[in-house]
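>>> Sequence unavailable; structure follows:
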């Protein structure tokens, strides 16, 4: 298998049967592209999606959850420049009108059009609505199955992202996966939300897609925890056109989808706003996978650990203090901690001198051995920096 | 009832029957006082204590949990300059030797001596041990029942605290409560731990003390959440000498203890390292108190909300996004949010213009109306600032 391409991928138009567009509709103050459209030309219109588990959901999430219920979608409209969250009935009507307009112009039904939005919560007024609708009108004639169109779509969903995120995978079996994502961390920056569109020309039905997507997100986007803050707008969609005519080997497809989603998750981590370290937290020796994830996540969300990482401080005491807040099976005096390959804590006490740890590289690897079993899990996070505080305190003022 | 005095209290020597000392033993690089001793001269030796719920507990916590089991304590030794946490068998022996030495010099048994430590996790070597023991040797002859001695003890437990924290309450019934605390936030600063010693000359037995202490901490220290990071060393002790000869009216004693602990909790909040806003999060209209606390705590731990507060940004969208991560009973479209008295969100949508909110004062009041019931709760926190990041990234390097 070829490794997923980084940053340079064609994106959502890589598989057969998909067209995309990215246009500027005036939602972004910069005047940059801010409305994206991805259309599945078939022959299949199978789709699956996962959404934020935040109970305070944005209007496009509420809409799309209903629209995807039948496992069918022919298009998805995405906008940056406004999350359309907590905008009441008017905001929901905006989402509905967006789907209606796209459906009319594409000759499909509104129930087959998903909508995803990102930007400031609480912003979604009359001007927002008219710009989104203008964007749809401009995007439909711009649709194309080309590399350029896939790139344009990936640019239109960026908010504070510094680079667009795309990935693809070409299978020797004759099918392809393409994908784009936005988000500068999980919800690390002020107006970030993770939006992901994955396309494939493999022939898979909706239940199969749903199963593959949930398995893939479980080991990729769900393991990304930049700042512990859950978005109201997260949305990951997988659409299958079947245009390759190939029914994939299921294990091969899962492996490819896992690789593509992990690739995107790591692109998101590397672009987390304000971060100066990309931190991989690997927990080994857990009694079970849930324990491993809980421990890794507790460390990923510990501000003291994250601030220490920013200061190039291999502070393993804070790691143990964070582990101590979990319900995972472990004994503090069995725990080992290694930072960038140096075991600084063994059996809950000091081991190698902290001076041996080189914290200067951007990539930081934290390995926690619980010695309570054989399960493992990895969570990706970032450090807590001055820039994080600055960007998240200043953006909406 | 008189209000508890702020900052100016005598502290632990205010009640009859208590002596204290604070001495410099070389644990602090500054050369300042770093070992405190509080002794109960009786006639009663009743005591109760609550400890961190972190499963990774420091050696003095492990020791004191056992020592307090019988509801008796005649003395507590406290040190700053080292947490004695994750220091293995050697560290536990240090704590044991500390209690043994104090007991020998005071003519009591080691099992009646509590120990509390604060400082860097993982630091607790031979030099640490000899300095703590030297501190005990110096503190015993310095013991006195005076205001000066109470003040000295409160200075000796400071780490990054900028001011000592003391409180007292004099009852018209003839009994007194005195107290001292350290901690610059819950675990907000790098080496903070909350240590609290409360003394009283009221005549109460151990089960009564335990009941009063748990009720008081539940509405004070447990509601303080500066940065969501739980210390390995938190320790709150209440000791009763009975020297007033007065058996207090239980409700009056509880009310006084509640006031003293709330006073200390707010002193801790106001001294949180790096903070520029002291934030009171009041949740009303919850289905039950647990829901109210869960909602308030979720907001208190949300880095995006806390960074917005730092930026004087009345960002109610982040408040709703944080509420959405809880299991509390609520409908996002029933929620009201007021910041500093201005209702910026009504029924889950925009209400008064954000420009009406004056965020410049250090005190910030966030009021969340869930409209799901009649229960309320208040949690205190701080904003997330550049200074927080700086102080927690730099201290141990």
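Structure's in. What do you need? What you are looking at is a predicted structure, and each value in this text was computed from that prediction instead of being measured.
>>> I'd like the average pLDDT over stretch A:284-292.
Averaging pLDDT along stretch A:284-292 gives 96.
>>> Does it reach chain B?
No: shown here: stretch A:284-292 not in contact with chain B (CB under 8 Å from any CB of the partner chain), separated by at least 12.7 Å. For every residue, glycine as well, the C-beta is placed using N, CA and C.
>>> Let me see the domain layout of chain A.
Here the domain parsing of chain A from automatic domain parsing is A:18-270, A:278-394.
>>> Please list the residues of the stretch 251-397 of chain A that sit near chain B.
So the stretch 251-397 of chain A meets chain B at A:301-304, A:307-313, A:315-318, A:320-326, A:332-333, A:345, A:347-350, A:384-386, A:388-390, A:392-394, A:396-397 (CB under 8 Å from any CB).
>>> residues contacting the closest residue to residue A:217 other than its chain neighbours?
Take residue A:217 and drop its neighbours on the chain: the residue closest to it by CB to CB, 6 or more residues apart in numbering or on different chains is residue A:50, 5.4 Å away. For residue A:50, the contact set (CB atoms under 8 Å, 6 or more residues apart in numbering or on different chains) comprises A:213, A:214, A:217, A:235, A:236.
>>> What is the neighbour count of the second one?
If I follow you right, that is residue A:214. By the criterion of other CB atoms under 10 Å in any protein chain shown, residue A:214 has 14 neighbours.
>>> Would you state the strands of the stretch 1-150 of chain A in chain order?
Along the stretch 1-150 of chain A, counting by DSSP state E, counting those that start in this stretch, strands occupy A:18-23, A:35-40, A:46-51, A:75-79, A:113-117.
>>> What pLDDT is listed against the residue nearest to residue A:217?
At residue A:50, pLDDT is 91.
>>> now residue A:36
Looking at residue A:36, its pLDDT is 97.
>>> That one bridge partners, please.
Applying DSSP bridges to residue A:36 yields these beta-bridge partners: residue A:22, residue A:78.
>>> Next, find the distance separating it from chain B.
Residue A:36 sits 23 Å away from chain B, going by CB to the nearest CB, to the nearest Å.
>>> list the contacts for that residue?
By CB under 8 Å, 6+ apart, the contact set of residue A:36 is A:20, A:21, A:22, A:77, A:78, A:79, A:139, A:152, A:153, A:154, A:156, A:157.
>>> Which of the residues you listed sits closest to residue A:110?
Nearest to residue A:110 among those is residue A:77, at 10.9 Å by CB to CB.
>>> Which pLDDT does the model give the closest one?
According to the prediction, residue A:77 has pLDDT 97.
>>> What of residue A:8?
At residue A:8, the model reports a pLDDT of 54.
>>> buried residues in the top helix by length along chain A?
Identified as the longest helix of chain A according to DSSP state H is helix A:250-270. Buried residues in helix A:250-270, counting neighbours by 16 or more other CB atoms under 10 Å in any protein chain shown, are found at A:253, A:256-270.
>>> Spatially nearest residue to residue A:267 (excluding sequence neighbours)?
Sequence neighbours aside, residue A:165 is the residue nearest to residue A:267 in space, at 4.3 Å (criterion: CB to CB, 6+ apart).
>>> Oops, could you answer that again for residue A:71 instead?
Nearest to residue A:71 is residue A:206, by CB to CB, 6+ apart, at 2.5 Å.
>>> how about that neighbour, phi and psi?
Main-chain torsions, residue A:206, degrees, to the nearest 10: phi -50, psi -50.
>>> didn't residue A:326 look like it was pressed against residue A:293?
No: counting by CB atoms under 8 Å, residue A:326 sits too far from residue A:293 to count as a contact (10.0 Å).
>>> Between these two, tell me which one has more neighbours.
The neighbour comparison of residue A:326 against residue A:293 (other CB under 10 Å) goes to residue A:293, with 24 against 19.
>>> Look at residue A:198 and give its secondary structure.
Here residue A:198 is strand, with the state taken from DSSP: H, G, I helix; E, B strand; the rest coil.
>>> So stretch A:144-160, near chain B or not?
No: Stretch A:144-160 lies apart from chain B when judged by CB under 8 Å from any CB; the minimum separation is 12.8 Å.
>>> where exactly do the strands run in the stretch 151-300 of chain A?
A:165-170, A:176-182, A:195-200, A:235-240, A:278-286.
>>> wait, what's in contact with the closest residue in space to residue A:379 that isn't next to it in sequence?
Among residues not flanking residue A:379 along the chain, residue A:296 sits closest, at 3.8 Å (CB to CB, 6+ apart). Shown in contact with residue A:296 (CB under 8 Å, 6+ apart): A:223, A:281, A:282, A:283, A:368, A:377, A:378, A:379.
>>> Recalculate using a threshold of 6 Å.
Residue A:296 is in contact with A:281, A:283, A:377, A:379, counting by CB atoms under 6 Å, 6 or more residues apart in numbering or on different chains.
>>> related to what we said a few turns ago, take the residues of the stretch 251-397 of chain A next to chain B and keep only those in helices.
Members of these lying in helices (criterion: DSSP H): A:303-304, A:307-310, A:316-318, A:320-323, A:386, A:388-390, A:392-394.
>>> List buried residues within those residues.
In those, burial by neighbour count holds for A:303-304, A:307-310, A:316-318, A:320-323, A:386, A:388-390, A:392-393, counting by 16+ other CB under 10 Å.
>>> How many neighbouring residues does residue A:126 have?
For residue A:126, the neighbour count with other CB under 10 Å is 9.
>>> ok, now the one 4 residues further on?
Here the number of neighbours of residue A:130 (other CB under 10 Å) works out to 14.
>>> now it: how far from chain B?
Distance, residue A:130 to chain B, by CB to the nearest CB: 18 Å.
>>> Tell me who's in contact with that residue.
Residues near residue A:130 by CB under 6 Å, 6+ apart: none.
>>> Tell me the pLDDT of residue A:168.
At residue A:168, the predicted lDDT confidence score is 91.
>>> What residues are bridge-paired with it?
Applying DSSP bridges, one finds that residue A:168 bridges with residue A:178.
>>> That one and residue A:12 touch, don't they?
No: checked against CB atoms under 6 Å, the pair residue A:168 and residue A:12 is beyond contact range at 9.0 Å.
>>> Cool, thanks, talk later.
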